[in-house]
Every structure is written in structure tokens, then in C-alpha cells.
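A.B. asks: Okay, here's the prediction I keep looking at, along with the sequence it came from:
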Protein chains: 2
Amino acid sequence: MVVNNKVDSLSYDVEAPPNQGSSAGAAAAAAAAAAAAAAPPPAPAPAVSHHHHSVLELHKVSLPERRSTGKALRQRLAEVFFPDDPLHQFKNQSSARRLVLALQYFFPIFQWGSAYSPRLLRSDLVAGLTIASLAIPQGISYAKLANLPPIIGLYSSFVPPLIYSLLGSSRDLAVGPVSIASLVMGSMLREAVSPDDQPILYLQLAFTATFFAGVFQASLGFLRLGFIVDFLSKATLTGFMGGAAIIVSLQQLKGLLGIVHFTSHMGFVDVMRSVFKRHDEWEWQTIVMGTAFLAILLLTRQISARNPKLFWISAGAPLTSVIISTILSFIWKSHSISVIGILPRGVNPPSANMLTFSGSYVALTIKTGIMTGILSLTEGIAVGRTFASINNYQVDGNKEMMAIGIMNMAGSCASCYVTTGSFSRSAVNYSAGCKTAVSNIVMASAVLITLLFLMPLFHYTPNVILSAIIITAVIGLIDVRGAAKLWKVDKLDFLACMSAFLGVLLVSVQMGLAIAVGISLFKILLQVTRPNMVVKGLVPGTQSYRSVVQYREAVRVPGFLIVGVESAIYFANSMYLVERVMRYLRDEEERALKSSQSSIRCVVLDMSAVAAIDTSGLDALSELKKVLDKRHIELVLANPVGSVAERMFNSAVGETFGSDRLFFSVAEAVAAGACKPQP
Amino acid sequence: MVVNNKVDSLSYDVEAPPNQGSSAGAAAAAAAAAAAAAAPPPAPAPAVSHHHHSVLELHKVSLPERRSTGKALRQRLAEVFFPDDPLHQFKNQSSARRLVLALQYFFPIFQWGSAYSPRLLRSDLVAGLTIASLAIPQGISYAKLANLPPIIGLYSSFVPPLIYSLLGSSRDLAVGPVSIASLVMGSMLREAVSPDDQPILYLQLAFTATFFAGVFQASLGFLRLGFIVDFLSKATLTGFMGGAAIIVSLQQLKGLLGIVHFTSHMGFVDVMRSVFKRHDEWEWQTIVMGTAFLAILLLTRQISARNPKLFWISAGAPLTSVIISTILSFIWKSHSISVIGILPRGVNPPSANMLTFSGSYVALTIKTGIMTGILSLTEGIAVGRTFASINNYQVDGNKEMMAIGIMNMAGSCASCYVTTGSFSRSAVNYSAGCKTAVSNIVMASAVLITLLFLMPLFHYTPNVILSAIIITAVIGLIDVRGAAKLWKVDKLDFLACMSAFLGVLLVSVQMGLAIAVGISLFKILLQVTRPNMVVKGLVPGTQSYRSVVQYREAVRVPGFLIVGVESAIYFANSMYLVERVMRYLRDEEERALKSSQSSIRCVVLDMSAVAAIDTSGLDALSELKKVLDKRHIELVLANPVGSVAERMFNSAVGETFGSDRLFFSVAEAVAAGACKPQP
């Protein structure tokens, strides 16, 4: 559909042949030079002999093909909810083939299972045993972080990995409890119920929160709302994780120093006060042992970080430390070193009967579920995407969410708390050469054997070693280099990062998270309310108009104010747009007055970068035109994109700007404006 | 600062003189044609004899001048908080002149006061008396809408207009109580306190809420956060106002039908049930009188709407109706028609002692204050801007907010409730030929005379006439044509409008408002999360690359995938960006396979429309490059804007893309890509 057919009225001699594409541009340069002839511009303009009646071919602003309302809406919704086009592979297939594809879609195990070979199994076996040696001590430790009995951590390393290996599409994810989600669950539930005084109630709440987390995660995936996790920006997550890691490490001072009476609060101030007020409880044997093992663990971590081939040193260190420290503690039998104690033997008991959906704690468990759900989802999805990109395969975010959600819902009925793909263990899994989700099955089997036969061996494991393991695990979350990069690149991102960091550290974990999300959203809204707008000039030697601030060689066209708008025009910024253009106009007229140039008689809005416009935006354009008309200044638009052009012609604004105020490009607008005979 | 100096390595023969601006473009066309020579593209490509070693001058991507962190931050903040550059007029002035300007800035009355003339006074006198005749019956009516005694409505039409005439910068605003704010205050306070059972407490809460509304409004202005009102989009306001108008009209059925026992709820269902359950209370005398006057009022409204010169007919009708109906009711003296009753004589009593800042209702009054504050602000600012634009003068939004805020704070101490500039009365003020804020002083004087001497005359004014006046006033808020326009132009805006409308009508006024704001924000976030991306091709006869969907004549360049990104690249959309490019790549490769064209070997991201990028966005670009590298496809960027280029070179991404992957324009990227000798 042709909306601006100025060719008829303005191409004087002949239509330029299509291979002489520069006619409009040359005319534009000529026009600029012609206008400049009266009063020389501040910078040297392209020197061209001007001839008004040269070949001037103006191109047309096109509209995209007209779609019905239904089709337009369908395409829009498809882009929002199915940007990955998941049904692409089903196109042009027989129905039998489609069934197989659907089965493979929902259970990816059918996809890689048929091609599984002994060679792959050997790789997965090595990787699985390696992550098991890490998962067992970490499982016990993280459960303590959530104020849960250590055995829950092992249960959570058994059932969820099995479910994930059926449903998950990542080959590298190592599933189990993670530190951040454990910390958040522990701190949120502890505010309402004491895990020491009411252990059964606390356990019920933990399982119920896990169930809600699963429901929330699966719904996000099912409703294709996966993009919500993208709203936790990396900058704020860096701050949040760093703060949480410090909080977690400080909490471990309890174990490391052997303090018995410790604060239940999470804040930096409370913990430090508790540490120093209770210095009479400091226990030198515990401190010596803890410090020694912590030093060893940090050292092995350093070695593996320096040489990634030696990943197995840091991967094996925690289990080795647990074994050695347990033997030491067994020989020593000192009463001053607190130990884990008796752990029940056997696989996960069912816990569906412990889920409680009524009573005064429902709101709390829902809140905790959503919080831990979104955090564990963010970690799991990010880990999956990272390793998928390294190994060059695709992970469907929404499907992963459903897999993780179902895994947590099932887990909550089998004495497991919130689990997801762990950053650190997935990295070890990858380094150890895992090939498929079978490594998770191997790990689960190792945990099963532990649960069935090895539990008594943990009786004498000192608690201090768990603290050392936790500190070593979370210390990697403190990303000082990442924060420094933020400072260098984007000050506002750095501010968001620091706010989240200090919020977690000084106020509370939830507050830190709320601050992080709030700042992320505010930043988006700020960008929308105050969009970039630039004054453009002709870059000499081209027909391109660019920002005069960025390209200092760009030359303003006398008599023209060319403004580029670099944002969608919305209700939130339409008033600003009008005011900003008027301010540019004032400044340019002052400049023209000073250098005694001709005053502005045409404002060109370069709409190339305006991705969308709403009704308020359209009104703002009409408004701007009205104001400029009163000052006898023309307003023309250059290069509106399809959806914007479409919308303009569906509303009265299309008539206002008509076909003679809409141009293919800034160059053509300038050319036409200059060619127009003065009234 | 030069970041891409490819001229040295690629301009073979000579530098083209600046007036031959088309060299790069011609080379691009040549390159496209050259690539097309191997396999013909689906649409006819520009036929150009290709000569690879032609003059090829590539332009440089510039960075804006380097600014210090402090300066950059200062400029950014200035753009956010002072987009209107309020200190502009103070530049280059003597200090005495500055003092005068400052005084005029804070008290605009000093600006126009000195030039005030008898001619202006005559215009203002006529306009002031006209709006007074409207303000007195509306003031009484709107106070009843807020469940307040009628006299409060008159008090509120006396003090606030006087204060505004000193501080306000709009010449056309007619200040006083308005329907929407009255309705919201009435419905929010009534939920907690019954105005019939505890009239004094209710009055205290109303004054306190008014005070908080004023504090909120003044703070928004003082903190330069005026842009917050822009977040109530016109679409959602249309829906909200329409719903509120219907709710208000339905409430008036109580007065129109003479029902005594009426529901205190606002919802559509409750009101209709109440109307029909109480049909035994319907009072025929009231119904006849109400219907007659309503018909007359609506008729006069129609007449004035058809012929704007007859504005005085609808402006005078309410007061005339009050007078006639009062006389009728006085003569009739029927007990079945309820009348206003005794009103106290005298000016506003002080009410500062009634403000309560402690106790259980503080949260309610703050909430009510913020809600009514933002709604009345939205109306006042919009009215001010509308008439400023008609009369071609500027209104400073933030200063207006301070004026309205101070007016309400002062009002709350002088027995006034929330006031602002009214849409309908300002329109009458304008039509009646007002010139300055003196018309508000005239109106206040007329109200003063009424308060001092004419109060007993209102004794026999029937309540039914107030209901008729309210209905006539709010019926104009139902903008069916506006809603139809929304449907035509923007389906999502229409959805927002209808949700707000139904939310108000079926749930509650506050819920409707919350839905309106929520949808407005969600729409912004959606646009940010799912930005427009288009595949571009060369428009024949130009050197411009445009969307192949919009310009169907545009020709894809074989071997190239040119993708335009039409949004800032943010954490919220960076993952989408990568996935979308990969999907385009898949589609293009399938298309190439089908038509046996050469496969894609270069992806050009056109960054012209990317206004900003954050750290996640930079990471996404690196990520995309890594993925494409694995598939031996080059990724180059064209025309990054200043801030984006700056940020890229401050981060590691700058090194990744180096100087040979960053081009001045798509045309030059294509030209350089095609010229590059194949490995």
C-alpha cells in the first residue's frame, strides 16, 4: 500500500534508473549547500554546485501488508509467549512422527536415550561419581543453612535428580539443594517459626513452601511467562549473591568458632554483635580444626581455578575433608567439638501428608515458595543456558521451568526441599566430562547407597567441617571483578548492584531482593520516560544524518532542525518528547540568531528508531504539529517503521501528516523541503 | 576519537572527494549485485556491473566527546529531573534582574500583574462570574459525592482559587472540587467510617487526607518527579473515568428516585440491587422533578456542544435550575421532596486543629491522600497543558504541582477538601474569554458573597437537583468515541481501557485505578521484553536497508542476514535478542536451502535504533558472537549510537568486535563484507 506517492509531483525530468541510487542523497547534499549559500554554516558544508531542478526521485513510505485484527493479535501474542517457536519441528511431519516428537519434547530422555552408548556411560559414570562426592557433603551443609535436619539435604539429592533426568533438557545440569535458595527459605521461615522449638511444624512449612515453589515454577513455564526471570538483571543479582554469600559466611562463624548461643537474625550487625558478645564460648579445638580445613579447602579451590584440568582436586576436597575430619573426631572423641550425631538410615520417607494448605501459615509458605522458587529458577535457567551455549545446544527456558517445577512438586512429597541446578556442581559435572543427564542418575545412585548403608559413618562428622564447606562454596558467589566491571561500564547498574548488596547485608535477605527487583524495574521505566533524543546533521561525504554530538564533523542543515527519537513513543514519554523538541528548537534558534543564520523553518523528526507508538504518542505528534504550525514551522516525519506508519494511518494523525509530510528518509525530507518553492 | 579506521586498509585508490557521497553506497549496491550474480535473488536486484576494486571509502564510527563520570552523571540527572531547563532564563542576567525573575518564577502573578489592564479585567470579570454560576451548584453537589456537608464544597471554591491565582502559572484553570477526586475520597473513607454515624471523625479524616494529598503533590513537584503522572496513560484514564462516571451517575439514582435507604457500596451490582429492592421508596414527585431538570440540563449541554458560542447556555443552566427548583420547592413545600436544609452563614472556619496525624486512621488518610492527590494532579496538569497549548504558552508541570500541593495543604487548614483545576469549568472559563488567573479571584469573590449573604436561600433547594447536576457534569467523562478510537488504533490500549472501566464498575474504584496503573506498566515492560526486530533488505534505487516486511520491494543481500533491533538492549530482552537472531538465521538458512542460494556467512546487526545498552546487553552480544563463530558466521555491527559505542569500548566487548567489525552504516558493512577476500 502506497501512502506517500510524491514521485508524481516531484520527479521533474525522468525517473532515475534504479542503479543510480544516490540521486536523492545528492539532491539532499545539494539542498543543504543551497540553503547554506545564503549564510555559511559553522562547519564546512559539502561544496556542490546546486541545481534545483535536478533529478529528484522521492521514495515511498510503505506499510506492511494489512493483517486482520485477529491475525495481528495472534502474531503479537505468539511473539510474546512463543518467541522460540517450539512447534517449528512439528511442521510438515507425519502424525506418527509427530507423536514421537511430542514424546521426545516432553521427555527429552527419549531423544538422547536411543543413541546412548557404553562410551557415553563411561563419561557419565565418572562425572556422576565426581558430583556425588561433592553433593553429599554440600547436601548436608545446605540443609543446615535452611535450618533443616542434615538428612533432608541428602533426600533432596536423591529424588529430584532422578525426576530431572527424565524431564530436563539440559545435559550438564547437576541437580540438588543450592545455597541461595536454602538461605532464603531458612531466613523467611525462621522469622515465623523456630526450628529448634517446633521442628515438626518447621518441616511442614518447608515442604509446603517447596510445593508452592514447584507450582509457581511449573505455572510460569506452562503459561509461557518464562521471561519474568529475565527481569532479575545480572547487575542486581551480582549484588544480591555477593551480599547473601557474606551473610551465609558470617552465619558459619557459629560453627567455626564453636559458639552455642548464636543470634537467629541474619543481619550483619546482629551477627557480629553475637560473635563478640559470646567470645567466652569460643572453642579453640573447633577453631583450629575449622581454620585448618577451611584453609585446605580454599587452597584446593585456588588450585582448580588456576588450572581447570585439576578440577577434581577441589571437587574431591570436601568429601576427603569430611572423611579425614570424621576419623580425627572419632579418634579424638573430644566433647568440645560438636558433631552431626545419629542420622536415620533408609530412603526418603513420603511427606505428602505434611503439606498444609490451611491455617495461619499459608501466606508465609506461599511467599516463601514464590521467593525461593524464582531464585532457584533464575539459577537453574542461567546454569542451563550457560552450558547449553558452551556445548552448542538449545535449552527451552519454559520447558526447563516446567521440569524444575514438577521436580519440586514431586520432591515436596518425598521429604525434599527446594532444589535446582547448582552453579558450582554443574561446572564440576561439565569439567568431569558428563555427556547426558545419566550423570544425575549415577549421582542419585551414589546418594542412595549412602542413605542405605553409610549413614552411621557420619555420626562423628564435626559440624565445623560443614561450615568450612559452606564458606568455600559460597565464596565464589562474591564477584568483585564483576562489580568493578559494572562500575566501569554502567554507573546505574553498579548502583543497583550495591543497593542489592547492602540491602541484603544490612537489612534482610528479602529486602535485598525487593530492592534488586525494584531498581531493575525503575531503570527500565526511567529509560522509557526519558528517551534519548539527538540533533542530527549531515556527515560530510555521505548521505547519512547522524547525531552532531557523536559525529562532530556532522553539519547542521541551515533552516532545518533534524531530531532523532531513539525510543518507542508512549504515554510515559510523549509529553517529554514535545517539550524536548521545543527546547531544541529554542536552542537552535538562539544559535541561528548568534551566527545570523536563517532561522529554523522545518523540523524533521527522524522516526527510524521509534519502534512503536501508542495513542498518546500519536496525540503528541498532532500536538507538536499544532504548536509548530502556529510558529509557521513545518513538521515532517522521516522513515516511520511499519507498525508506526500503520497506526498513523489508522488514526486521524495520518490525515494531519498526509502524504506530503512523510518521507522515506531524512535525506529525502531535506531535499524535498529545500526544493519546495517558498510561499 | 576514532574507533574504526578502516580507511587506511580498505580505500584502494584515492579518498573520494566529500561531494561524491555515494561511493560507499554504490559499492554496497555493487557488492549486493556481485553476491547476487552467483544465484539470482527472488526479487530483481539492482543491475550494476561489479568491479571489486572500485573506490571504497569507509566512514568511521565516532564516539561522543569523553566526559568525566561526574559530568556524565550530572547531565543524565539534569535530563531526568530538569528536562525543561527551568534556569535557562536566568542565564546571562544581572543579579537584580535575577531576583525579579525568581520572584516571578515563584509567584507568576508578578509576571502578568504589572501588565494588567481594565480591558483584561472586563474579560476576567465576565469569565469569573460565569464559572461562579457553575462552581456554586457543582461545589455543593461534589461535596455530597464525597459524603461531606454541602457547605464544604463552597468553602473549597473560595480559599483554593485565591491561593492558586498567586502561585499558579496557568491562565485558564478554574480551581475547585472535582467529581473524580470527590468520588474516590468518598468511597475510600466511607469504607472505614460512616459519615452519618460519625460525621466529625469523617470530616477530620477528609481534611487530613486533603493535607496529605497536598504534601504528596507538593513533594512530587519539589523533587521534580512530575513525570510520575505521565504513567497514568490516556487509554487507562479513559476507561477509569468512564467507569467512575457511571458509578457516580448510578449513585445519583438515590437522589433522583428519592430513595432513603440506599446502599453505601459503590459497585454496579450493589447499587442496582438497592434501587430495585427499595422500589417502595420511589417518590413520584421527586422523580418527575428530577427527570424534568435532568432533561433540561442535558439539552442545554447538547446545545452548547453543537455550538461552542452558546457555551453560556450550559454554563448558566445549573444555577438557573437551582434557583427555579428552589422556588418551586419553596412554593410547593412538599415533605416528600428532600431539601438541603439549613446551611451555616459565614466564611471558612479554620480547621487546622482537625488534622489528626496519630491513631488507627493514619494509614487510611495517607492512602486516600495519595490516591486523590495523584488523580486530582493528573486532571489539573492535563487541563493546564491543554489550554496552555491552545493559547500557546508554557506551563511548568513541576511548578504547577507545587502550586496545587500548597493550595491543598492550605485548604486543609481552612475547611476545604481536595481541589484542583476542573476540566469542565476550565473549558467554560476559556470559552467565556478569561485572560488571567483574576477570573479565579472573581469567582472566589462571588462565592464569598454567597457564603456571607445568600446561604439561607439554599434552604429549600431540593437534593434531586444536585443529583441532576452531578449526572450532567460527569456524563461528559464517558468518552465512547475515544474508546472506539483506541480499538481502531491499538488493541492493547483498548484492553487496558476496558479493564480499568470494568474494574471500576464491577469491583471498586481503587481496584479500577490499580488495574489501570498495572496494565500501563505491564505494557511498557512487555514492549521492553519483546522488542521489535526486523530482517532488512536493500530498497532498490537507494542505499537504504529497510524491513523486508514493510518494504516488499526490498531485496535481501545473498549471504547476509541483516537484522534491525528497534529497542534498547537490556537485561530484560538480551536473551530474547540472541534467541530471535538465531531463529531468523534458521529461517533464512531454510529459505536459502530451498532456493539453493548461498548460505548466510555474515550477520549484520543494525544498531541505529538501539538507544542504550547495559552490561547484560553487552554480554548478549559477546554470547551471540561466540555462537555464530562456532558456525563460521561473522557478526558485525552497524551504526551504534554514541552512548552504545562508548559503552562497548569501555568493556571487553569493544575488543571482541574490534575496529573491523563495527561499521558506519549497513551499506558499508555489506560493502566491506563482500569485498573481503574469501579465506
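C.D. replies: Nice, thanks for sending it over. Because the structure is predicted, anything quoted here is derived from the model rather than measured.
A.B. asks: what packs against the helix or strand that contains A:Pro160?
C.D. replies: A:Pro160 belongs to helix A:159-167 when elements are defined using DSSP states H and E. Packing partners of helix A:159-167 (3 or more CB pairs under 8 Å, 6 or more residues apart in numbering or on different chains; DSSP states H and E): strand A:175-176, helix A:397-412, helix A:438-449. Heads up, the C-betas are built off the backbone N, CA and C, glycines and all.
A.B. asks: Any idea which residue of the stretch 201-350 of chain A lies closest to chain B?
C.D. replies: Nearest residue of the stretch 201-350 of chain A to chain B: A:Ser233, at 3.6 Å (CB to the nearest CB).
A.B. asks: Read off the pLDDT value for that residue.
C.D. replies: Looking at A:Ser233, its pLDDT stands at 75.
A.B. asks: And the closest residue to it other than its chain neighbours, how close does it get to B:Ala612?
C.D. replies: Using CB to CB, 6 or more residues apart in numbering or on different chains and skipping residues adjacent in sequence, the residue nearest A:Ser233 is B:Phe571, 3.6 Å away. Distance, B:Phe571 to B:Ala612, using CB to CB, to the nearest Å: 12 Å.
A.B. asks: How about A:Phe453?
C.D. replies: 58 Å.
A.B. asks: quick one: which of the two has more around it?
C.D. replies: Neighbours were counted for A:Phe453 and for B:Ala612 using other CB atoms under 10 Å in any protein chain shown; B:Ala612 has more, 19 against 10.
A.B. asks: picking up where we left off before, need the contact list for the residue nearest to A:Ser233.
C.D. replies: Shown in contact with B:Phe571 (CB atoms under 8 Å, 6 or more residues apart in numbering or on different chains): A:230-235, A:520, B:614-617.
A.B. asks: ranking those residues by neighbours, who comes first?
C.D. replies: Result: A:Ala235 is most packed of these (other CB under 10 Å), 31 neighbours.
A.B. asks: which residues touch that residue?
C.D. replies: A:486, A:490, A:493-494, A:496-497, A:520, B:571, B:614-616.
A.B. asks: Let's see that with 6 Å instead.
C.D. replies: A:486, A:493, A:496-497, B:615 (CB atoms under 6 Å, 6 or more residues apart in numbering or on different chains).
A.B. asks: can you tell me which of the contacts of B:Phe571 are in strands?
C.D. replies: Using DSSP state E, no member of the contacts of B:Phe571 falls in strands.
A.B. asks: need the helices and strands packed on helix A:159-167 in CSV with mean neighbour count and distance to A:Phe657, can you?
C.D. replies: Output for the helices and strands packed on helix A:159-167, formatted as CSV (neighbours: other CB atoms under 10 Å in any protein chain shown; distance: least, CB to CB, whole Å):
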stretch, mean neighbour count, distance to A:Phe657
strand A:175-176, 33, 58
helix A:397-412, 25, 41
helix A:438-449, 23, 61
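A.B. asks: okay, how far is it across stretch A:597-613, tip to tip?
C.D. replies: By CA to CA, to the nearest Å, the extent of stretch A:597-613 from end to end equals 34 Å.
A.B. asks: Return the distance of the most centrally placed residue in chain A relative to A:Phe458.
C.D. replies: Most central in chain A under CA atoms, centre = their mean is A:Asp230, positioned 3.5 Å from the mean C-alpha point. Distance of A:Asp230 to A:Phe458, given as CB to CB: 41 Å.
A.B. asks: what's the closest of the contacts of B:Phe571 to B:Val438?
C.D. replies: A:Ser520 (49.2 Å; CB to CB).
A.B. asks: Contact partners for that closest one?
C.D. replies: A:233, A:236.
A.B. asks: Residue ranges in chain A under the pLDDT threshold?
C.D. replies: A:1-58, A:60, A:63-64, A:67, A:83-86, A:231, A:674-679 (pLDDT under 70).
A.B. asks: which residues in the stretch 201-350 of chain A form helices?
C.D. replies: Applying DSSP state H, counting those that start in this stretch to the stretch 201-350 of chain A gives helices spanning A:234-251, A:253-257, A:268-277, A:284-306, A:311-332.
A.B. asks: right, and those - which one's nearest A:Asn463?
C.D. replies: Of all the helices of the stretch 201-350 of chain A, helix A:253-257 sits nearest to A:Asn463, with 5.1 Å by CB to CB.
A.B. asks: buried set for that closest one?
C.D. replies: A:253-257 (16 or more other CB atoms under 10 Å in any protein chain shown).
A.B. asks: Show me which residues of stretch A:181-196 are buried.
C.D. replies: Buried-residue list, stretch A:181-196, by 16+ other CB under 10 Å: A:181-190, A:192-193, A:195.
A.B. asks: mind saving the C-alpha coords of that stretch as CSV?
C.D. replies: Once non-C-alpha atoms are left out, stretch A:181-196 reads as follows in CSV (Å, rounded to 0.1, in the frame of the first residue of the first chain):
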residue,chain,number,x,y,z
ALA,A,181,17.5,-20.8,48.0
SER,A,182,18.4,-22.6,51.2
LEU,A,183,19.4,-19.4,52.8
VAL,A,184,16.3,-17.5,51.8
MET,A,185,14.0,-20.4,52.9
GLY,A,186,15.8,-20.6,56.2
SER,A,187,15.6,-16.9,56.9
MET,A,188,12.0,-16.5,55.8
LEU,A,189,10.6,-19.4,57.7
ARG,A,190,12.7,-18.8,60.8
GLU,A,191,11.0,-15.4,61.2
ALA,A,192,7.7,-17.1,62.0
VAL,A,193,8.7,-20.5,63.5
SER,A,194,11.7,-21.6,65.5
PRO,A,195,13.2,-24.7,64.0
ASP,A,196,14.5,-25.7,67.4
